[in-house]
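Student: Structure for the following, please:
(one chain, ligands or ions: 1)
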Amino acid sequence: MTLAAVLATLTTVGYAAWYAVLCVADPFGRCRHCTGRRNRLDRRHRDCHWCDGTGRRVRVGRRLYDYFRTEYERGQP
Ligand SMILES: [Zn+2]
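Tutor: Here you go, the predicted structure:
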């Protein structure tokens, strides 16, 4: 394995670990569809159906975590 492949692997694993920590510590991210603006006069922000106008949305990783946790709990006797 070359040095470049090792560095690419470590970078990928490091980013995945950082994202997992971020999903636990701060499950909400900024909405990309309305760029998180809080200007009430901006019609696009008020009508944003991704974040309901809050400018924040639940991270995809957190949704996956909640999904698998719920499925696991449903499987418990
Ligand atoms: Zn939004």
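
Student: Kindly provide the distance from the residue positioned nearest the centre of the chain to the ion.
Tutor: Residue closest to the average C-alpha location in the chain (Cα atoms, centre = their mean): residue 59, at 2.0 Å. Counting by Cβ to the ion, to the nearest Å, the separation of residue 59 from the ion is 14 Å. Placement of C-beta: from N, CA and C, glycine included.

Student: Pretty sure that residue sits against residue 28.
Tutor: Yes - Residue 59 lies in contact with residue 28 (Cβ atoms under 8 Å); the separation is 7.0 Å.

Student: Spell out which residues of this protein are next to the ion.
Tutor: 31, 33, 34, 48, 50, 51 (Cβ under 5 Å from the ion).

Student: so the fifth one sits in a strand?
Tutor: Spelled out, it's residue 50. No - checked against DSSP: H, G, I helix; E, B strand; the rest coil, residue 50 lies outside a strand; its state is coil.
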